[in-house]
Structures are given as structure tokens and as C-alpha cells.
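Undergrad: give me the fold of what follows.
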Amino acid sequence: MKKVVVISSSPRKHSNSESLARAFAEGSAEAGNEVKFITLSGKTIGFCQDSSRHCWIV
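TA: Sure thing, here's the model as predicted:
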């Protein structure tokens, strides 16, 4: 068993890209892998603002 992380970076929920990513995640899970699905849709991502490299995701 492998650990798999699937990240959907499409800004639109239920987009073709997200559907494809979900299908891959489902297939990977059915093959016996441990899968974590992350979607960035609806999240605000802030950039690193200083040399401390502390970033944030809301």
C-alpha cells in the first residue's frame, strides 16, 4: 500500500479537472492505496510575505 495525495488546483468546483482528479483518487483507493484528496477550490492562498517563509491558507 502506498500513500497518495491528490491535489485539485482548479478554481472551479465540479470542473472537468476536479472530476478527473477525483476519478484518479477513487481508482487509487480501489487499488488498495491510502488516498488524501485536497481541493483548492474556494480557498484563499496567501503568499510568503517575509524571510521567515510562513505562509497561510484560508
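
Undergrad: what number of residues are in the vicinity of Ser8?
TA: Other residues lying near Ser8 total 21 when counted by other Cβ atoms under 10 Å. Quick note: C-beta positions are derived from backbone N, CA and C, even for glycine.

Undergrad: surely it and Lys36 touch.
TA: No. In this structure, Ser8 is not within contact of Lys36 by Cβ atoms under 8 Å, at 11.7 Å.

Undergrad: now do the shared contacts for these two.
TA: Between them, Ser8 and Lys36 share no contacting residue under Cβ atoms under 8 Å, 6 or more residues apart in numbering.

Undergrad: any idea how far Ala21 is from the closest residue to Lys3 other than its chain neighbours?
TA: The spatially closest residue to Lys3, leaving aside those adjacent along the chain, is Glu34, at 4.9 Å (Cβ to Cβ, 6 or more residues apart in numbering). From Glu34 across to Ala21, the span is 16 Å (Cβ to Cβ, to the nearest Å).

Undergrad: who has more neighbours out of the two?
TA: Between Glu34 and Ala21, Ala21 has the larger neighbour count (other Cβ under 10 Å), namely 19 against 11.

Undergrad: quick one: that one is in a helix?
TA: Yes. Under DSSP: H, G, I helix; E, B strand; the rest coil, Ala21 falls within a helix.

Undergrad: phi and psi next, for the closest residue to it other than its chain neighbours.
TA: Spatial nearest neighbour of Ala21, excluding adjacent residues (Cβ to Cβ, 6+ apart): Ser8 at 4.2 Å. Backbone torsions for Ser8, taken as degrees, to the nearest 10, come to phi -100, psi 120.

Undergrad: spatially central residue for the chain, please.
TA: Closest residue to the average C-alpha location of the chain: Ile7 at 2.1 Å, with Cα atoms, centre = their mean.

Undergrad: ok, residues contacting the helix or strand where that one lies?
TA: Using DSSP states H and E, Ile7 maps to strand 3-8. Residues from elsewhere that reach strand 3-8 (Cβ under 8 Å, 6+ apart): 17-18, 21-22, 24-25, 28, 33-41.
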